[in-house]
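K.L.:
below are the sequence and a predicted model for it; my questions follow.
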Amino acid sequence: MTADPRPLILTALLEPQAQAGCEALRRAHYPAALNQVPAHISLFHQLPGSELDAVKRRLKAVCGQVPPPLVRINGLKSLGQGVAFRVQSEELEDVRAELAAGWDTLLIPQDRAGFQPHMTLQNKVTSSVARATLQVLERSFLPFETHAIAIAIWRYLGGPWEALGQVAFRGNSGKGR
């Protein structure tokens, strides 16, 4: 049996309550016909699918040594044709940098270009709809803190993603697999 070559995507999963709140906002504002994936913080956009076993091993080696990173959702930002949460997490940035160093030869230019963490709540709408959404969300937005509990591994299926598993951060074995 040959390895599946379709690309892998890695995302950070937040604590369940925060993840659910972000997902509810995404469902409310992302065009339903285009919303094929859950709310997420992208860590890597495209790793070779044929390297799934090596990716899992590296994730376990790195994440198993690190407590769940603190994540601050500290604002909203315009994406032009959408809206995203601004995400700040030095700890998550450190984990991503360590992972990237070990996958140097596997990274596409987008994943080499640096990490600007955010969580897209809306995309692929007109700029006027995006501006209106941003104004509505800004009225009730309150910054909050949560933790990344795991890194999810996804297979890109040309639009939707297939969940392939999760690797939990140290001390969080009951919440991610």
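P.N.:
That came through fine. Worth saying up front: this structure is predicted, and the values here are computed from it rather than measured.

K.L.:
show me where pLDDT drops low in the chain?
P.N.:
Screening the chain residue by residue with the criterion pLDDT under 70, one finds the ranges 1-2, 172-177.

K.L.:
show me the contacts for the spatially most central residue of the chain.
P.N.:
Closest to where the C-alpha atoms of the chain average out (CA atoms, centre = their mean) is Ile41, at 2.1 Å. Contacts for Ile41 (CB atoms under 8 Å, 6 or more residues apart in numbering) come out as Thr11, Ala12, Leu14, Val71, Val87, Leu92, Pro117, His118, Met119, Ala148. From N, CA and C alone the C-beta is placed, and that goes for glycine too.

K.L.:
if we use 10 Å, what do you get?
P.N.:
Applying CB atoms under 10 Å, 6 or more residues apart in numbering to Ile41 gives the contacts 10-14, 22, 71, 73, 84-85, 87, 89, 92, 96, 115, 117-120, 148, 151-152.

K.L.:
strands - which of those residues land there?
P.N.:
10-14, 71, 73, 84-85, 87, 118-120, 148, 151-152 (DSSP state E).

K.L.:
now rank these by neighbours and give me the top one.
P.N.:
Ala148 (30 neighbours; other CB atoms under 10 Å).

K.L.:
from what I see, it and Ala12 are in contact.
P.N.:
Yes - assessed by CB atoms under 10 Å, Ala148 is found in contact with Ala12 at 4.2 Å.
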